[in-house]
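Student: after the sequence you'll find the predicted model.
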Amino acid sequence: MTECPYNPLPNAEPDHPKVRFGKVGVLLANLGTPDDYTYWPMRRYLSEFLSDKRVVDYSAWLWQPLLQGVILSKRPFASGAAYKSIWNHEAGESPLLTITKDQTAAIKEQMHKQFGDRVVVDFCMRYGNPSTKSKVREMVETGCDRILFFPLYPHYAGATSATANDQLFRALMEEKWQPSVRTVPAYYDQPSYIDALAGSVTDAYAKLETKPDILVTSYHGVPKRYLMEGDPYHCQCQKTTRLLKEKLGWEDTQIKTTFQSKFGPEEWLQPYTVEEVARLAEAGHKRIAVIAPAFSADCIETLEEINEEIKESFEEAGGEEFTYIPCLNDSPPHIAALSDVITQNLKGWVE
């Protein structure tokens, strides 16, 4: 670490404050997590999340009374029960937080092998803790005058990547000496990411006695209106499915794109996963597998929604064998893919 006066010239005043600089920070960012599954932590988390204009863009004078009244009076109980069912009770945290910590540790090790002490790796959450603001502050204090900000979303969406970047920029507004920053773009077609996805499918299928009839790629949904307003998320999801199909050497009939987690009265991207798996069962596809390529880590939407609610929809419609293929999480191929993306985006800063 370099430590020197702010102005290193010989005529600097003896009492001039010292600053640290010369390091490069890599700040991984994920969606977030409540601190606990009980009512008040859930309410705080949901209030922050659902108050984000990138997530719900209705007029505040219409939305906030509804949110702070009816929705946040009831939803924390239902969401809390869902979180409790998948909670990492041993560590006292959500699976998303546990996995993000493990990913960060693995990437930190890889970056140290490549760049030594010059690169500092940490993580933050858009909602909840650790906050983006607190981690930007820590990196600046550590001597990072350049920060590579990496939203852990393979596909760009205004409600994910953009709001994470927004929060970074808000944090920078409070820094006296702003570090230079780069934001990592979506990596939905990165060859190493597609390879990791394909490998996870191949490994999962190899463990099954009978191969599934079809693989459902379930992406988190967004209102269809967002697509019409220019958000590229839908197109990027479709391309990931196509590249995965090609990597596996499959036919179009062996894989299907769907969207989950619909919220509110609007039409969202379709087909909806929960409805489509029921249709597949009714059409005679009694064995299916589901994978969630848009999630970099297993979370409430995969462990509870897919592996419980969507599975139940399939079985109630006559489905017999439901296989959930876990997210890439901290698997070596995923860490290699993420490290590859980071290395590409660090060019010119470190070699």
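Tutor: Right, received. Where do you want to start?

Student: low-confidence regions, the stretch 1-150 of the chain specifically.
Tutor: 1-12, 14, 16-18 (pLDDT under 70).

Student: can you map out the strands along it?
Tutor: Per DSSP state E, counting those that start in this stretch, the stretch 1-150 of the chain carries strands over the ranges 2-5, 18-21, 23-33, 119-128, 144-151.

Student: partner strands of the third one, with direction?
Tutor: If you go by DSSP bridges, strand 23-33 pairs up with strand 119-128 (parallel), strand 144-151 (parallel).

Student: how distant is that strand from the center of its chain?
Tutor: Counting by CA atoms, centre = their mean, to the nearest Å, strand 23-33 is centred 11 Å from the centre of its parent chain.

Student: do the same with the last one
Tutor: If you compare the mean C-alpha spot of strand 144-151 with that of the full chain, they lie 17 Å apart, counting by CA atoms, centre = their mean.

Student: okay, the angle between the helix or strand following that strand and strand 23-33?
Tutor: Sequence order places helix 163-172 as the next helix or strand after strand 144-151, per DSSP states H and E. Going by axes from the mean of the first three to the mean of the last three CA atoms, to 10 degrees, helix 163-172 is angled at 130 degrees with respect to strand 23-33.

Student: about what we covered before: residue 334: which of the strands of the stretch 1-150 of the chain is closest?
Tutor: Closest to residue 334 of those is strand 23-33 (CB to CB; 12.5 Å). Using the backbone N, CA and C atoms, a C-beta is placed for each residue, glycine as well.

Student: could you dump the closest one to PDB, C-alpha only?
Tutor: Written as PDB, here are the backbone C-alpha positions of strand 23-33 (Å, rounded to 0.1, in the frame of the first residue of the first chain):
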ATOM      1  CA  LYS A  23      -4.800   0.100  -5.300                       C
ATOM      2  CA  VAL A  24      -7.600  -1.200  -7.500                       C
ATOM      3  CA  GLY A  25     -10.800  -2.400  -6.000                       C
ATOM      4  CA  VAL A  26     -13.100  -5.000  -7.400                       C
ATOM      5  CA  LEU A  27     -16.500  -4.600  -5.800                       C
ATOM      6  CA  LEU A  28     -19.000  -7.400  -6.500                       C
ATOM      7  CA  ALA A  29     -22.700  -6.400  -6.100                       C
ATOM      8  CA  ASN A  30     -25.700  -8.600  -5.600                       C
ATOM      9  CA  LEU A  31     -29.400  -7.900  -5.000                       C
ATOM     10  CA  GLY A  32     -29.500  -8.100  -1.300                       C
ATOM     11  CA  THR A  33     -31.000  -9.900   1.700                       C
END
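
Student: follow-up on the earlier one: output the strands of the stretch 1-150 of the chain as JSON lines; include the columns distance to residue 344 and mean neighbour count.
Tutor: Formatted as JSON lines, the strands of the stretch 1-150 of the chain follow (distance: least, CB to CB, whole Å; neighbours: other CB atoms under 10 Å):
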{"stretch": "strand 2-5", "distance to residue 344": "26", "mean neighbour count": "12"}
{"stretch": "strand 18-21", "distance to residue 344": "24", "mean neighbour count": "14"}
{"stretch": "strand 23-33", "distance to residue 344": "12", "mean neighbour count": "24"}
{"stretch": "strand 119-128", "distance to residue 344": "14", "mean neighbour count": "23"}
{"stretch": "strand 144-151", "distance to residue 344": "10", "mean neighbour count": "24"}
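
Student: out of the ones you listed, flag the one nearest residue 271.
Tutor: Taking CB to CB, strand 23-33 is the member of the strands of the stretch 1-150 of the chain nearest to residue 271, at 23.6 Å.

Student: pull out the buried positions in stretch 249-266.
Tutor: Neighbour-count burial for stretch 249-266 flags 255-262 (criterion: 16 or more other CB atoms under 10 Å).

Student: I meant to write stretch 58-77 there.
Tutor: So for stretch 58-77, counting by 16+ other CB under 10 Å, buried means 63, 67, 71-72, 75-76.

Student: equivalent analysis for stretch 87-107, please.
Tutor: For stretch 87-107, the neighbour count (16+ other CB under 10 Å) marks 87, 93-100, 103-104, 106-107 as buried.

Student: re earlier: list just the nearest of the buried residues of stretch 58-77 to residue 183.
Tutor: Set against residue 183, the nearest of the buried residues of stretch 58-77 by CB to CB is residue 63 (27.6 Å).

Student: for the residue nearest to residue 63 when sequence neighbours are not counted, grab the count of nearby residues.
Tutor: Leaving out its chain neighbours, the residue that sits closest to residue 63 by CB to CB, 6 or more residues apart in numbering is residue 56, at 6.0 Å. Residues within reach of residue 56, counting by other CB atoms under 10 Å, total 17.

Student: hmm, back to that, now the buried residues of stretch 87-107 in a markdown table, with distance to residue 176?
Tutor: Output for the buried residues of stretch 87-107, formatted as a markdown table (distance: CB to CB, whole Å):
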| residue | distance to residue 176 |
| --- | --- |
| 87 | 40 |
| 93 | 33 |
| 94 | 34 |
| 95 | 37 |
| 96 | 33 |
| 97 | 31 |
| 98 | 35 |
| 99 | 35 |
| 100 | 29 |
| 103 | 31 |
| 104 | 27 |
| 106 | 33 |
| 107 | 29 |
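
Student: ok, of the buried residues of stretch 58-77, which one's closest to residue 119?
Tutor: Distances from residue 119 to the buried residues of stretch 58-77, taken as CB to CB, are shortest for residue 76 (39.0 Å).
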